[in-house]
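Student: dropping a prediction and its sequence here:
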Amino acid sequence: MTELIDVEGLLETMCHDLSGHLASRQIDDPCIVGIRTGGVWLADVIHKKLDIAEPCGELDISFYRDDFTRIGLNPKVKPSVLPFETEGRHLVLVDDVLMSGRTVRAAMNELFDYGRPASITLVTLIELDGRELPIQADIVGQKISLSGNQQIKLKGPGKLVLEITDK
Amino acid sequence: MTLQMILDRVNRIGKNSMKQVTEPNHLQLNEQGQLKHFLTLDGLDKALLTEILDTADSFIEVGARSIKKVPLLRGKTVVNLFFEASTRTRSTFELAAKRLSADVLNLNISTSATSKGESLSDTLQNLEAMASDMFVVRHSQSGAPHFIAESVTPNVSIINAGDGRHAHPTQAMLDMLTIRQHKGRFEGLTVAIVGDILHSRVARSQIRALKTLGVSEVRVIAPNTLLPVDIESLGATVFSTMKEGLENVDVIIMLRLQRERMEGALLPSEHEFYELYGLTTEKLKYAKSDAIVMHPGPINRGVEIESAVADGSQSVILNQVTNGIAVRMAVMSMAMSGHVAGRDKLGEL
């Protein structure tokens, strides 16, 4: 069975919350970075809605995964693209689904290899149970509890659709 | 069945079993068809070569960061096992391993244990006992890396860094990466390899890679004395003059004259070789105006190539060196990855 969630509505609220969050911290020149692939689609939308000056960054965390010794290298790895200096900048890191927290850990490790950012704000469309690391998102679109046989996936690009399906 | 038919059949079976023995892929690929050793390009398909190039592209980006390091091979030990002198290949392998966060041990065997009488297998067993995960092997004997791959324990990867006249697969792949960067494709390209084909393990691997990746034509330009007898069976067209051979060429690969491997009088003189086969500004005009000039190094200025060409706008020789690090990072991480079962299970973290 497939269940669809309204991504546009969630993104609207997330952008509103993110603007407030950044304003409360006096951050007026953030850089947006999306984690491939779903996070990049979302980052593009947030980037446009917030009218950010710097171009959008894309992060491929394949070289930073902590399970290389178990499952090896992703054969479809693509270069990360950060078209701005990260040193001393306020970064907004965007991913589609936050669950174990390991993707975000890998992404932060990678970001630090480009320089030392002033701060990182984490934005995620969906937050699931099952955290394995002490990592929390600052902005969340929706918290969802899945049953054991369900999975969630963001489909895109173009019109973004969240699908919850049975495994 | 006639006697001739029986003989033919025996012959065929004999050939097939020989193929089984010499077929490298049972050794260098795992059950899922992924690299676990990198010994030769023979038998590797276009998809795998393209995966190496794509992965290398991502490592080029890593080389442009302020911290040029990723944690993929953290805690792994890579041993550079060089039985033959090398500066560029050894140092780019070392840098590649270090950028993957591996610990690196450089062994120059000619000045080490074997000169004290230790056998190769004893040296290898000692290195394995140090819990090494990968050997990068250069040897003057063709087939030495195969032999080592067959004799090491299953969890150790072997990377061929050049064996005799046989193969130099990472050099060929960094050349392919350089061609793809500058030309954007392989289809429709005409590539000329010029010079000492006979002694060149690089040329053999290059021809193999170019054919697999689908260029239109591979030409070799050399005097007869510097051509191996089987060169056309690899799929290359032979030319004996630069004027004919360079016509309409997109890529020119110059090779180094390997005087140290030459026995007897294969060449009248270096001067005459330069006159006929050296790449000068004049001869470069025979090729397409946007042709790129490559050389695996070290270059002999005034022997294979004129300084003005080596340092000119069409030369991509230094790009090749930079690409060498990225390609070696790709091959090392893919080979290490091939030891991990079930890479097809790759999913979300």
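Tutor: Yep, that arrived. Quick caveat, the model's predicted, so the values are computed rather than measured. Residues are numbered from 1 along each chain as shown, chains lettered A, B, ... in the order given.
Student: and the stretch 51-200 of chain B, which of its residues are near chain A?
Tutor: Selection of the stretch 51-200 of chain B residues close to chain A by CB under 8 Å from any CB of the partner chain yields B:51, B:54-55, B:57-58, B:60-62, B:65-67, B:69-72. Using the backbone N, CA and C atoms, a C-beta is placed for each residue, glycine as well.
Student: and for B:Thr241, the neighbour number?
Tutor: For B:Thr241, the count of nearby residues is 12 (other CB atoms under 10 Å in any protein chain shown).
Student: how about the residue nearest to the spatial centre of chain A, secondary structure?
Tutor: When CA atoms, centre = their mean is applied to chain A, the residue found nearest the centroid is A:Asp95 (1.5 Å). Here A:Asp95 is recorded as strand under DSSP: H, G, I helix; E, B strand; the rest coil.
Student: pretty sure it contacts A:Val104?
Tutor: Yes - counting by CB atoms under 8 Å, A:Asp95 touches A:Val104, with 6.6 Å between them.
Student: quick one, strands of the chain?
Tutor: No chain specified, so I'll use chain A. Here chain A has its strands, by DSSP state E, at A:3-5, A:31-35, A:57-59, A:90-98, A:119-128, A:139-144, A:150-155, A:161-166.
Student: that's the other chain; I wanted chain B
Tutor: Using DSSP E, strands in chain B cover B:77-82, B:103-108, B:134-139, B:157-163, B:190-194, B:217-221, B:237-239, B:251-254, B:292-294.
Student: point out where the chain drops to low pLDDT.
Tutor: You didn't say which chain, so I picked chain A. Along chain A, the parts satisfying pLDDT under 70 run over A:1-3.
Student: could you do chain B instead?
Tutor: Those would be B:1-24, B:110-117, B:259-266, B:268, B:341-349, if you go by pLDDT under 70 across chain B.
Student: break it into its domains for me.
Tutor: Split into domains by automatic domain parsing, chain B comes to B:22-166+B:324-340, B:169-322.
Student: end to end on the last one, go ahead and measure it.
Tutor: Pointing back at domain B:169-322 there. The first residue of domain B:169-322 is 16 Å away from its last residue (CA to CA, to the nearest Å).
Student: could you pull out the helices in chain A for me?
Tutor: Listed in chain order, the helices of chain A (DSSP state H) span A:7-24, A:38-49, A:68-71, A:102-112.
Student: save those as CSV, and put in distance to chain B and mean neighbour count too.
Tutor: Putting the helices of chain A into CSV (distance: least, CB to the nearest CB, whole Å; neighbours: other CB atoms under 10 Å in any protein chain shown) gives the following:
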stretch, distance to chain B, mean neighbour count
helix A:7-24, 18, 15
helix A:38-49, 10, 21
helix A:68-71, 5, 17
helix A:102-112, 4, 21
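Student: nearest to B:Val321, out of the strands of chain B?
Tutor: Nearest to B:Val321 among those is strand B:292-294 (11.0 Å), distances taken as CB to CB.
Student: before we move on, back to that, now the strands of chain B in JSON lines, with mean neighbour count?
Tutor: Shown next, in JSON lines, are those (neighbours: other CB atoms under 10 Å in any protein chain shown):
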{"stretch": "strand B:77-82", "mean neighbour count": "23"}
{"stretch": "strand B:103-108", "mean neighbour count": "16"}
{"stretch": "strand B:134-139", "mean neighbour count": "26"}
{"stretch": "strand B:157-163", "mean neighbour count": "27"}
{"stretch": "strand B:190-194", "mean neighbour count": "25"}
{"stretch": "strand B:217-221", "mean neighbour count": "23"}
{"stretch": "strand B:237-239", "mean neighbour count": "15"}
{"stretch": "strand B:251-254", "mean neighbour count": "27"}
{"stretch": "strand B:292-294", "mean neighbour count": "23"}
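Student: quick one: closest of those strands to B:Val229.
Tutor: Closest approach to B:Val229 among these (CB to CB): strand B:237-239, 11.0 Å.
Student: which strands or helices does that closest one pack on?
Tutor: On a contact count with 3 or more CB pairs under 8 Å, 6 or more residues apart in numbering or on different chains; DSSP states H and E, strand B:237-239 meets strand B:217-221.
Student: just to revisit the earlier point, buried deepest among the strands of chain A, which one?
Tutor: strand A:31-35 (a mean of 26; mean count of other CB atoms under 10 Å in any protein chain shown).
Student: which bits of chain A sit near chain B?
Tutor: So chain A meets chain B at A:60, A:62-81, A:87, A:97, A:99-100, A:102-103, A:106, A:109, A:112-115 (CB under 8 Å from any CB).
Student: one more time with 7 Å
Tutor: By CB under 7 Å from any CB of the partner chain, the residues of chain A that approach chain B are A:60, A:63-65, A:68-75, A:77-80, A:100, A:102-103, A:106, A:113-115.
Student: chain B: helices as residue ranges?
Tutor: Remark: helices assigned in chain B by DSSP H are B:3-22, B:25-28, B:46-63, B:88-99, B:120-129, B:144-151, B:169-183, B:201-213, B:242-245, B:270-277, B:281-284, B:307-310, B:317-337.
Student: any chance of those in a markdown table with mean neighbour count as columns?
Tutor: Shown next, in a markdown table, are these (neighbours: other CB under 10 Å):
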| stretch | mean neighbour count |
| --- | --- |
| helix B:3-22 | 10 |
| helix B:25-28 | 17 |
| helix B:46-63 | 19 |
| helix B:88-99 | 21 |
| helix B:120-129 | 15 |
| helix B:144-151 | 20 |
| helix B:169-183 | 24 |
| helix B:201-213 | 24 |
| helix B:242-245 | 16 |
| helix B:270-277 | 16 |
| helix B:281-284 | 16 |
| helix B:307-310 | 17 |
| helix B:317-337 | 24 |
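Student: one step back: can you pick out the most distant pair from the residues of the stretch 51-200 of chain B next to chain A?
Tutor: Farthest-apart pair in these is B:Glu51 and B:Ser66; separation 27.8 Å (CB to CB).
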